[in-house]
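Participant: Take this sequence and fold it.
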Amino acid sequence: MKHLFTILLSLGLVFGLSLGSNEVAGAKTKVKTYKNCTALNKDYKGGVARSSSVKNKGGKTKYKPYVSKALYDANKKSDRDKDLIACER
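Facilitator: Numbers count the residues shown, from 1 in each chain. This next block holds a predicted model:
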């Protein structure tokens, strides 16, 4: 009886901890969508690039863009020249 109780308690702890960690991981994946480039540039002066290897098509910029695939994908509508950098300045 003690052995069965120990096994059930262990399984309960394992499943309980795994469910709790999924909720935390889900909270980390939420990224902010900005209304326009003015709002995005308040937080990220150089805009947001999809990857570190992208090149700017629009000419010389003043600031280096922040690199984040998830943030870029959430604000893709703000990339007017389709160079994979949203709201570059």
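
Participant: So which residue is smack in the middle of this protein?
Facilitator: residue 70 (3.8 Å; CA atoms, centre = their mean).

Participant: so who does the closest residue to that one other than its chain neighbours touch?
Facilitator: Of all residues not flanking residue 70 in the chain, residue 31 sits nearest, at 4.8 Å (CB to CB, 6 or more residues apart in numbering). Glycine gets a C-beta too; all of them are placed from N, C-alpha and C. Neighbour list for residue 31: 68, 70-71, 73-74 [criterion: CB atoms under 8 Å, 6 or more residues apart in numbering].

Participant: repeat for residue 34
Facilitator: Residue 34 touches 40, 43, 75, 78, counting by CB under 8 Å, 6+ apart.

Participant: try 6 Å
Facilitator: Taking CB atoms under 6 Å, 6 or more residues apart in numbering, we find residue 34 in contact with 40, 75.

Participant: What of residue 48?
Facilitator: Residue 48 neighbours (CB under 6 Å, 6+ apart): 65-66, 68, 71-72, 86.

Participant: repeat that for 10 Å
Facilitator: By CB atoms under 10 Å, 6 or more residues apart in numbering, the residues touching residue 48 are 31, 34, 40-41, 65-76, 78-79, 84-88.

Participant: Can you tell me the SS state at the residue nearest to residue 70?
Facilitator: Per DSSP: H, G, I helix; E, B strand; the rest coil, the secondary structure class of residue 31 is coil.

Participant: how about JSON lines for the contacts of residue 31, with distance to residue 12 added?
Facilitator: Converted to JSON lines, the contacts of residue 31 look like this (distance: CB to CB, whole Å):
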{"residue": "68", "distance to residue 12": "38"}
{"residue": "70", "distance to residue 12": "34"}
{"residue": "71", "distance to residue 12": "38"}
{"residue": "73", "distance to residue 12": "38"}
{"residue": "74", "distance to residue 12": "37"}
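
Participant: Buried residues, the strand or helix carrying the residue nearest to the centre of the chain. List them.
Facilitator: Residue 70 belongs to helix 69-74 when elements are defined using DSSP states H and E. By neighbour count on 16 or more other CB atoms under 10 Å, the buried set for helix 69-74 is 71-72, 74.
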